[in-house]
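Novice: Here is the input, now give the coordinates:
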Amino acid sequence: MEEQKRLAEFWLFPLFAIFIICSSTLTVSSEQTNMQVIENDGRITGVILGSDQIYSQNWSIEENEWYSIGLDCQYCTGSIIFNGTIIDSSSTYLTGKASGDGNIELTITTTTSESIGLSMIHNASDNFTTTRPAPSVIIDTIPGGLCDDIKDCIDISRGNLNSIPSGEYHSTDFITGVLNNGQAEYIVIDIESGDSMELSLVHSSSDLKIEVIQQNETFELLMNGNLTSSNQLTKNQIVGPGYWHFDNDGRAIIKVESQSQNTVWALQRTIFNSPPITILPTNSSSNLYGHHSKSVLIDVLDAQRLVLKTSSDGISVTVKQLMNGNWSDYGTIDLAVNLNSKIYVYPGTSAIKLDIFGPVFMIELSTEDYSDLSTGIEAPSLMPQSKETNNSSWPILNIDDSSYDGQFTLPIFDYSDVYKIEIEGWEDSIHFIKVIIEGDIADCEIELVEKDQDTWEDKNVKLRTISSGSIQAALEVGRGTHFLRISITNTSQYQNSWGEDISPKQYTITTQYELVDEGEEPWFPPDENAKKWGQVARWFLGAILLIPALFVFISYQRQNQFANSLVDKKKRLEWLRKRLDEGTSTPQKSRKFLKRALQSISILEWDESCQIWGDYDLEHRTEGIALVAWKLDERLSKNKSSWPIIVGINILEGNWELAALRLDAPQGEPWSVTNVQPRFLTSGEEIFLDTMVKGNKIFLTLEIEGNSSCVDIEINGRVDGVPFAARIPKTLWRDAHNSEE
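Specialist: As a prediction, the model looks like this:
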């Protein structure tokens, strides 16, 4: 008994310990149920804890690898447990080196509920060179960080143009390291001409300075700009980004140095490569992204301006316009933040080139039309000089009792607009036109001009200025082309330069029209030759129109004769089989005969048509439909594995809609229709016949494939709007032996 008691006591303690451990585990899990871990771009950046909760994280580490944990909180404490022993505790930074291989556990507790910021480097090693390589020295470079499409790496909705890294600090978007001996270290990256490199310091346990050196095989250059932090970075604090551009192929050397020992750091880097030039179509709107510089070529139209808008500082755009094959300088524009900058197109310009400069930029590009009357044409300032002048560039003012909008585009020195008025009618007709101009017209006048269509002189002119808030003029004119000119009387008040963004003067034109006298309708006696050849043409065209009808008649006659010739020749299927056996016919010739015969006999009576082929293999008749089927010699198939069949359908009563012939396999896999003559749409085992009316007769030659040995034939559809189906009650067997069984 004593021995049994001691044995029970021996096992009681371990069981009790296991119970306590399990209970403890369940408690922690329960306590952490409401814990919230904060992630940004795949990286843990914080945790929200209650006073009774513990956040923990485990990872393996090798000897001489470093860890660095930054905390941002008021009441929290972080602890590092290495192989079961607490080796460090702090409320700000936990940085150290593993003395051997093992496991590290980070635990965080707090005395009150709070949000705790985290910046974590798990495994950092000191493996970068401490000697700056000479230009001619070959050294290993680090891969990764290349942005293939800038739109995938930047999100302007975040309020900045910084590239977006993904994952923890050990991902390829970051570089991590340790300065544990007070010496600067150098990281080497391959670059190509046109590359731009973005760097941001995202983690540092002490002071740090970042510089960039450009090298190729013959030279090196310490580039302008650096990233500097005089102290350790707080949780998720970022220094940068900084941008460096490279005009030559070679390598970028990142120099990392600190005045402190054992500085663990993380650097985000992205390499961007911009295409040499971007070509945009006419009237395009686009967002232009880039680093350092970007060239954009845009097709443009007259009476069009480009509008540029950016949310970044320090962006300038040099503009050139292509006129008659030569580039003309427009100037350089310094873009203001969130303000529109407008570029006006010179007359005759076909394209505009934008050279954009800035460390990083996103420019919203759009086009605006400033044409008059929304015609795509900027109205000229003067009238055509002569009748022979091509006046297609003058916008037409319709006289249809409607209103139209126009403007004086002051940025391009537009102080006068001329519109043409086209009058059509009979000779000696008289037309009354009236125009009313309203809007910003206090210093404007109009001229309504009737032109002599022979001499192009001003036949009649009405000149008017503003009165009672509008300018009105009316004139009686003949048919032909006349003009309306609207102009500013005092242009000296405008002292702007070309393209300067000043507001245009808007106006509205309202037209009224009245036909005063219709004149006399013109009449010309017909020419004798026209009468003669017109009659010949009518007979010739009439004869041509009779040709299709004659062709149809001859075709029907031939088909009818062929069908009647078959009536006296019974058992054509047996006849075809004998010809194939004797070798007097080929399968191709037999199929051709069969196709022609089936098309022809549809004009015969049903019973006569069926007797031509011989005895039925299957027959079924109801009050509304008759169905028949014959097996064909399998040598008539285009595909050796197919089974050829003839199916005849005769509609006796009713009109069918959505008709479909279905070839069902009672056993084995479903049949598949591979060929059908005449051609109908097929799907699997169905042939879609669509609409069939009373009296329709059709014979189908079809081929089916499958592993079944028999087929059931049925037809489905709607008869006079009611669903209907008919099925031949007997099964058609492919092999006669199976049929007998």
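Novice: From here on, just use CA atoms for contacts and neighbour counts.
Specialist: Will do.
Novice: Walk me through which strands the longest strand along the chain pairs with, and which way each runs.
Specialist: Looking across the chain with DSSP state E, the single longest strand is strand 349-369. Using DSSP bridges, the strands paired with strand 349-369 in its sheet are strand 286-299 (antiparallel), strand 304-310 (antiparallel), strand 316-323 (antiparallel).
Novice: Can I get the ones you listed in JSON lines including distance to residue 400?
Specialist: JSON lines is the format used below for those (distance: least, CA to CA, whole Å):
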{"stretch": "strand 286-299", "distance to residue 400": "34"}
{"stretch": "strand 304-310", "distance to residue 400": "27"}
{"stretch": "strand 316-323", "distance to residue 400": "37"}
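Novice: Can you say which of those is nearest to residue 543?
Specialist: strand 286-299 (53.7 Å; CA to CA).
Novice: Give me the buried stretch members for the closest one, please.
Specialist: Burial within strand 286-299, assessed by neighbour count using 16 or more other CA atoms under 10 Å, is assigned to 288-299.
Novice: do the same with stretch 446-456
Specialist: 446-452, 456.
Novice: Dump those to TSV, plus distance to residue 419.
Specialist: Shown next, in TSV, are the buried residues of stretch 446-456 (distance: CA to CA, whole Å):
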residue	distance to residue 419
446	11
447	10
448	10
449	10
450	12
451	13
452	17
456	16
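Novice: Tell me the one of those nearest residue 534?
Specialist: Taking these together and measuring to residue 534 by CA to CA, the closest member is residue 452, at 38.1 Å.
Novice: For the closest one, list the residues it contacts.
Specialist: Applying CA atoms under 8 Å, 6 or more residues apart in numbering, we find residue 452 in contact with 458-459.
Novice: which stretches of the stretch 401-550 of the chain form strands?
Specialist: 403-408, 416-423, 430-439, 444-451, 458-465, 471-477, 480-488, 505-517 (DSSP state E, counting those that start in this stretch).
Novice: nearest to residue 718, of those strands?
Specialist: Closest among the strands of the stretch 401-550 of the chain, using CA to CA: strand 403-408, at 57.8 Å.
Novice: Just checking: what are the partner strands of whatever helix or strand residue 252 lives in?
Specialist: Secondary structure from DSSP states H and E places residue 252 in strand 250-257. Strand 250-257 pairs in its sheet with strand 185-191 (antiparallel), strand 208-215 (antiparallel), by DSSP bridges.
Novice: Can you convert these into a markdown table and add a column each for mean neighbour count?
Specialist: Shown next, in a markdown table, are these (neighbours: other CA atoms under 10 Å):
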| stretch | mean neighbour count |
| --- | --- |
| strand 185-191 | 21 |
| strand 208-215 | 21 |
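Novice: So which of those strands is nearest residue 305?
Specialist: Comparing the strands paired with strand 250-257 by CA to CA, strand 185-191 comes nearest, at 38.0 Å.
Novice: Need the mean per-residue confidence for that closest one.
Specialist: What strand 185-191 shows for mean pLDDT is 95.
Novice: from the chain's centre, how far out does that strand sit?
Specialist: Strand 185-191 has its C-alpha centroid displaced from the chain centroid by 38 Å (CA atoms, centre = their mean, to the nearest Å).
Novice: so where is the protein shaky, pLDDT-wise?
Specialist: 1-34, 519-526, 549-587, 590-591, 593, 595-604, 612, 736-741 (pLDDT under 70).
Novice: Got the domain ranges for it?
Specialist: Following automatic domain parsing, one gets these domains for the chain: 36-123, 146-273, 278-369, 375-517, 524-563, 569-740.
Novice: now the ones you listed in CSV, with distance to residue 140?
Specialist: Listed next are these as CSV, based on distance: least, CA to CA, whole Å:
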stretch, distance to residue 140
domain 36-123, 21
domain 146-273, 7
domain 278-369, 27
domain 375-517, 53
domain 524-563, 82
domain 569-740, 62
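Novice: can you count the residues close to the nearest residue to residue 414 once chain neighbours are set aside?
Specialist: The shortest distance from residue 414 to any non-neighbouring residue, by CA to CA, 6 or more residues apart in numbering, is to residue 408 (5.3 Å). Residue 408 has 25 neighbours, counted by other CA atoms under 10 Å.
Novice: so what's residue 408 up against?
Specialist: 414-417, 504-506.
Novice: just curious, which of the residues you listed is nearest to residue 400?
Specialist: residue 417 (19.9 Å).
Novice: Run through the residues that contact the closest one.
Specialist: 379-382, 408, 485-487 are the contacts of residue 417 under CA under 8 Å, 6+ apart.
Novice: before we move on, what about residue 293?
Specialist: 355-359.
Novice: Contacts made by stretch 76-83 with the rest, please.
Specialist: Under CA under 8 Å, 6+ apart, the answer for stretch 76-83 is 71, 86-91, 94, 102-111, 116.
Novice: same deal with stretch 144-158?
Specialist: So stretch 144-158 is contacted by 161-165, 172-174, 269-273, 289-290 (CA under 8 Å, 6+ apart).
Novice: And those, which of them are buried?
Specialist: The buried subset of these (16+ other CA under 10 Å) comprises 161-163, 165, 172-174, 269-273, 289-290.
Novice: Same list (these) but as TSV, adding distance to residue 52 and secondary structure.
Specialist: Formatted as TSV, the buried ones among the contacts of stretch 144-158 follow (distance: CA to CA, whole Å; DSSP: H, G, I helix; E, B strand; the rest coil):
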residue	distance to residue 52	secondary structure
161	41	coil
162	38	coil
163	38	coil
165	34	coil
172	37	coil
173	36	coil
174	35	strand
269	39	strand
270	41	strand
271	45	strand
272	47	strand
273	51	strand
289	49	strand
290	50	strand
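Novice: Can you report how many residues neighbour the residue nearest to residue 403 when sequence neighbours are not counted?
Specialist: For residue 403, ignoring the flanking residues on the chain, the nearest one in space by CA to CA, 6+ apart is residue 510 at 4.2 Å. The tally of other residues near residue 510 (other CA under 10 Å) stands at 19.
Novice: So what sits opposite residue 510 in the bridge?
Specialist: residue 403, residue 436.
Novice: so what's it up against?
Specialist: So residue 510 contacts 401-404, 435-437 (CA under 8 Å, 6+ apart).
Novice: Can you mark which positions in the longest strand of the chain are buried?
Specialist: Residues of strand 349-369 classed as buried: 349-367, 369 (neighbour count, 16+ other CA under 10 Å).
Novice: Give me the residues contacting stretch 353-364.
Specialist: Against stretch 353-364 from outside (CA under 8 Å, 6+ apart): 161, 243, 285-298, 307-312, 314-322.
Novice: meant to ask about stretch 623-633
Specialist: Contacts of stretch 623-633 (CA under 8 Å, 6+ apart): 573, 577, 616-621, 643-654, 726, 728, 734.
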